[in-house]
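S.K.: let's see this in three dimensions:
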Amino acid sequence: HRRLLREEIPPLFDLEFNPSLWNSGHVRPKGRNEQILFVTLNKQGKVPSHQYIDRFEGPTTFHWQSQAKTTVASAKGQAIVNHTRDRSPVHLFVRAYKLEGGKSAPFYYCGRVTYESHSGEAPINVVFRLDDPAPSDLLA
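M.R.: The predicted model follows:
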């Protein structure tokens, strides 16, 4: 599994880094099918409204929680729930902590994930299946 800084990720998709787009947790680049999820597992120090419930439930199962305002009927909700039908692959990038050695921590690329189920509304709780097991560093 590769570890990449956020700025190194857009070129993987032949895109340029634009902080206003790439500094969010669910990126849907304009004119592209790909969706990219950025997740920091440890939410310590975040305001309660940003303490999303994101966790590995096993080496190939990931629970992801959308932003509080996202509904299933919203564009982002539909993009996630229908990504297989719409041929819109979801790529998962995860790090344990926001900082490493006082600098922004790199993300592990966990590969493509596939929607399995969802529950709730604003926020949506989604269960994804990983094609490949997650790095053991993230499962501890």
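
S.K.: helix or strand: which one has His63?
M.R.: Per DSSP states H and E, His63 falls inside strand 61-65.

S.K.: C-terminal to that strand, which secondary structure element comes first?
M.R.: helix 75-81.

S.K.: then that next one to PDB, C-alphas only?
M.R.: Taking C-alpha atoms only, helix 75-81 is exported to PDB below (Å, rounded to 0.1, in the frame of the first residue of the first chain):
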ATOM      1  CA  ALA A  75     -26.100  14.400  -5.300                       C
ATOM      2  CA  LYS A  76     -23.300  13.100  -3.100                       C
ATOM      3  CA  GLY A  77     -25.600  10.600  -1.400                       C
ATOM      4  CA  GLN A  78     -26.700   9.200  -4.800                       C
ATOM      5  CA  ALA A  79     -23.200   9.200  -6.100                       C
ATOM      6  CA  ILE A  80     -22.100   6.900  -3.300                       C
ATOM      7  CA  VAL A  81     -25.100   4.600  -3.100                       C
END
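
S.K.: the helix or strand following it versus strand 61-65: what angle between them?
M.R.: For helix 75-81, the succeeding helix or strand toward the C-terminus, using DSSP H and E, is strand 90-95. Here strand 90-95 runs at an angle of 90 degrees relative to strand 61-65 (axes from the mean of the first three to the mean of the last three CA atoms, to 10 degrees).

S.K.: return the distance of strand 90-95 from the chain's centre.
M.R.: 5 Å (CA atoms, centre = their mean, to the nearest Å).

S.K.: that one pairs with which strands, and in what direction?
M.R.: strand 35-40 (parallel), strand 107-119 (antiparallel) (DSSP bridges).
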